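Colleague: A structural model of the following input is requested.
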Amino acid sequence: MSETPQPADLIVFGGTGDLSMRKLFPALYHCDRDGRLSPETRIIAMSRGGLDDADFRGKVDAEVRGSVPVDDLGTWQRFLDRLHHVSVDIGGEDVTGWAKLTALLAGHEQRSRVFYLASPPMTFGPFCRELHRAGLVTPASRVVLEKPLGRDLPSAQRINDEVGAIFDERQIYRIDHYLGKETVQNLLVLRFANAFLEPIWNSLWIDHVQITVAETVGTPGRRGYYDHAGALRDMVQNHLLQLLCLVAMEPPSRNDRESIRDEKVKVLESLRAITGGEVDRFTVRGQYTAGESGGVQVPGYLDEPDSTAPTEASHRVETFAAIRAEVKNWRWAGVPFYLRTGKRMPYRHSEIVVQFKDVPHSIYPGSTPNRLVLRLQPSEGIKLHIMAKEPGAGEVALKPVPLSLSFAETFTSRVPEAYERLLMDVLTGNPTLFMRRDEVEAAWRWIDPILSEWESYGTAPEPYPAGSSGPAGAHELVSRSDRAWHEEYPA
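Modeller: Numbers count the residues shown, from 1 in each chain. As a prediction, the model looks like this:
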């Protein structure tokens, strides 16, 4: 039986922004509808919007209500009644916003107090200092940091130092929403709650692993941000490396708050460094050009509408990245991990593909190796591809067929969004699915040499047409060892 939800105050800095409206408030509404929020829990948005509570509730009603299944107007109104807004300008001379927030929180110091920073990373340190100056950080406070956490190792360390000067490490929750996805959770269950996989989850039986996060969208209106981020910082350093860790980690001693995070750090520290001339051999960077996506002609990165004018950085930033990584330990010696992410790809999907080796001695011609596919989006599920005999008399004909688990078809309950799980973990104080400081910094230590080498290049990334599966170099990356990317698109 689930515990009774405890009252909490959730303060969202950047509460009128895109992330809040698209992800956080819909997730919180679902938590409210499912009875996972205490009746006394309040959601307080902070922004420079100059809104009062009524204005903000009207904004959420207009922008969020259409994206969630509001079948009970009473529940929706209850959710809106939880919402408050405080106008504040970080670093500004007007401190009336901080005084209003202090008055709003007064008398509730014993509650869990969660500060969610849905804002650029350069605001994390100043915001935490302002909280401390206003006397709002209590022993029951927590702070959530959205990605990207810095641009490189030194900037990540600086942010960690600034936030760590105000909050203890146990109070800091560095969020990666991919870790809240049902398929990711099921990967741990699949590995550690089933006996048949563990004996073959190693280099003796696995040929290679592919991790793909592909998007069909481009960057209209976002080039100013993306020029300084790029696919390596935006996706590989966090999402893809987190998925790699969960595939490659050793079985933890317990399913507790630190054991899983300990094992993930060991994986990151075991990654073979890619430096110097090896960067050219083991990595690929690309940038999309004009092409056809979803049956519509779309512009290239440099010509995206509603964006800032292209700069020198625009010509050099990657919208696609592929890497051949290796985990240097006994379990994974010699097994390549292929990581791939890109924008303007032919189909939006995120998946992990574990490709097994051929059977040691095949007595059937035409057999192909087994493959385990874990789909994270758009429809979460697991497929194990095995060889089976096609019905019929005469010679045996083999065909690879999937043993398929679709969460939507198998379970009658609604599959929750990743942010729902993670927000509830923050409110209940469970840090298991959040990154520790040493984990974030270990990821940057591995990424930084690749970034440094790429940024020293005088050449542009390899072009690829929008709607294609990426630059030719990405296919060469895997074909050198007689492998190919897994491409399984819906009909």
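Colleague: where in this protein is pLDDT low?
Modeller: 1-3, 91-94, 393-394, 407-408, 410-413, 489-491 (pLDDT under 70).
Colleague: please redo it, this time with the cut-off set to 50
Modeller: 1, 491 (pLDDT under 50).
Colleague: which helix of it spans the most residues?
Modeller: Counting by DSSP state H, the longest helix found in the chain is helix 437-456.
Colleague: got the contact list for the next helix-or-strand element following that helix?
Modeller: Using DSSP states H and E, the helix or strand that directly follows helix 437-456 along the chain is strand 462-465. Here strand 462-465 makes contact (Cβ atoms under 8 Å, 6 or more residues apart in numbering) with 284-292, 300, 320, 342, 470-473. Bear in mind the C-beta positions are built from the backbone N, C-alpha and C, glycine included.
Colleague: Quick one: residues in contact with the longest helix of the chain.
Modeller: 149-150, 152-153, 156-157, 160, 164, 169, 172, 174, 232-233, 236-238, 241, 261, 264-265, 268-269, 271, 273-276, 279-280, 283, 285, 316, 318, 323.
Colleague: Where strands are concerned, which of those residues count?
Modeller: 172, 174, 283, 285, 323 (DSSP state E).
Colleague: Which members of these are the farthest-apart pair?
Modeller: 172 and 285 (31.7 Å; Cβ to Cβ).
Colleague: what about those two, which has more around it?
Modeller: Taking other Cβ atoms under 10 Å, residue 172 and residue 285 do not tie; residue 285 has more neighbours (27 against 22).
Colleague: Give the bridge partners for the more buried one, please.
Modeller: residue 321 (DSSP bridges).
Colleague: For it, give its distance to residue 474.
Modeller: 9 Å (Cβ to Cβ, to the nearest Å).
Colleague: Need the residues touching each of these two.
Modeller: residue 320.
Colleague: in the stretch 351-491 of the chain, which spans are helices?
Modeller: Counting by DSSP state H, counting those that start in this stretch, the segments of the stretch 351-491 of the chain that form helices are 407-410, 418-428, 437-456, 472-479.
Colleague: again with the stretch 201-350 of the chain
Modeller: Under DSSP H, counting those that start in this stretch, the stretch 201-350 of the chain gives helices at 223-226, 230-231, 241-248, 259-270, 278-282, 312-316.
Colleague: Just say which of these is most tucked in.
Modeller: Of all the helices of the stretch 201-350 of the chain, helix 230-231 carries the top mean neighbour count, a mean of 25, counting by mean count of other Cβ atoms under 10 Å.
Colleague: Quick one: residues contacting residue 260.
Modeller: Residue 260 neighbours (Cβ under 8 Å, 6+ apart): 188, 249, 252, 432.
Colleague: Buried among those? Make that a PyMOL selection.
Modeller: Paste this into PyMOL to select the buried members of those, with burial taken from 16 or more other Cβ atoms under 10 Å:
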select buried, resi 249+252
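Colleague: And the contacts of residue 260, which is closest to residue 143?
Modeller: Nearest to residue 143 among the contacts of residue 260, with distances taken as Cβ to Cβ, is residue 432, at 17.1 Å.
Colleague: Give me the nearest residue to that closest one, chain neighbours excluded.
Modeller: residue 257 (5.3 Å; Cβ to Cβ, 6 or more residues apart in numbering).
Colleague: Give me the distance between the residue nearest the centre of the chain and residue 421.
Modeller: The geometric centre of the chain, computed from its C-alpha atoms, lies nearest to residue 178 (Cα atoms, centre = their mean), at 3.5 Å. Distance of residue 178 to residue 421, computed by Cβ to Cβ: 11 Å.
Colleague: do the same with residue 233
Modeller: 25 Å.
Colleague: likewise residue 109?
Modeller: Where residue 421 is concerned, residue 109 sits at a distance of 27 Å (Cβ to Cβ).
Colleague: quick one: which of the two has more around it?
Modeller: Comparing residue 109 with residue 421 by other Cβ under 10 Å, the one with more neighbours is residue 421, at 20 against 14.
Colleague: how about the closest residue to the more buried one other than its chain neighbours, what does it touch?
Modeller: Of all residues not flanking residue 421 in the chain, residue 180 sits nearest, at 4.2 Å (Cβ to Cβ, 6+ apart). Neighbouring residues of residue 180 by Cβ under 8 Å, 6+ apart: 417, 418, 419, 420, 421, 422, 425, 433.
Colleague: Return the closest of the residues you listed with respect to residue 376.
Modeller: residue 418 (9.2 Å).
Colleague: wait, that closest one sits on residue 183?
Modeller: No - using Cβ atoms under 8 Å, residue 418 makes no contact with residue 183, being 10.0 Å away.
Colleague: Which residue ranges make up the domains of this structure?
Modeller: Structural domains annotated on the chain: 8-146, 179-479, as defined by automatic domain parsing.
Colleague: List the contacts of the nearest residue to residue 167 once chain neighbours are set aside.
Modeller: Nearest residue to residue 167 in three dimensions, chain neighbours excluded: residue 143, at 5.2 Å (Cβ to Cβ, 6+ apart). Residues in contact with residue 143 (Cβ under 8 Å, 6+ apart) are 114, 115, 116, 117, 128, 163, 166, 167, 171, 172, 173.
Colleague: can you check residue 345 too?
Modeller: So residue 345 contacts 214, 215, 216, 467, 468, 469, 470 (Cβ under 8 Å, 6+ apart).
Colleague: re the thing from before, apart from its neighbours in sequence, what residue is nearest the residue nearest to the centre of the chain?
Modeller: residue 239 (4.8 Å).
Colleague: okay, now the one you found: neighbour count?
Modeller: For residue 239, using other Cβ under 10 Å, the count is 21.
Colleague: I'd like to know how far it sits from residue 233.
Modeller: 11 Å.
Colleague: go on, residue 398?
Modeller: Distance from residue 398 to residue 233, by Cβ to Cβ: 44 Å.
Colleague: Neighbour count for those two, which is higher?
Modeller: Taking neighbours as other Cβ under 10 Å, residue 398 and residue 233 compare with residue 233 leading, 22 against 15.
Colleague: so how many other residues sit close to the nearest residue to residue 276 once chain neighbours are set aside?
Modeller: By the measure of Cβ to Cβ, 6+ apart, the closest residue to residue 276 outside its immediate chain neighbours is residue 453, 7.0 Å from it. For residue 453, the neighbour count with other Cβ under 10 Å is 17.
Colleague: Likewise for residue 229?
Modeller: 18.
Colleague: residues contacting it?
Modeller: So residue 229 contacts 148, 151, 317 (Cβ under 8 Å, 6+ apart).
Colleague: Scan the residues you listed and report the most crowded one.
Modeller: When neighbours are taken as other Cβ under 10 Å, the top entry among the contacts of residue 229 is residue 317 (27 neighbours).
Colleague: Tell me which residues touch the nearest residue to it once chain neighbours are set aside, please.
Modeller: By the measure of Cβ to Cβ, 6+ apart, the closest residue to residue 317 outside its immediate chain neighbours is residue 230, 4.6 Å from it. By Cβ under 8 Å, 6+ apart, the contact list for residue 230 reads 317, 318, 319, 321.
Colleague: could you dump the residues you listed to CSV with distance to residue 31?
Modeller: Formatted as CSV, those follow (distance: Cβ to Cβ, whole Å):
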residue, distance to residue 31
317, 37
318, 36
319, 34
321, 34
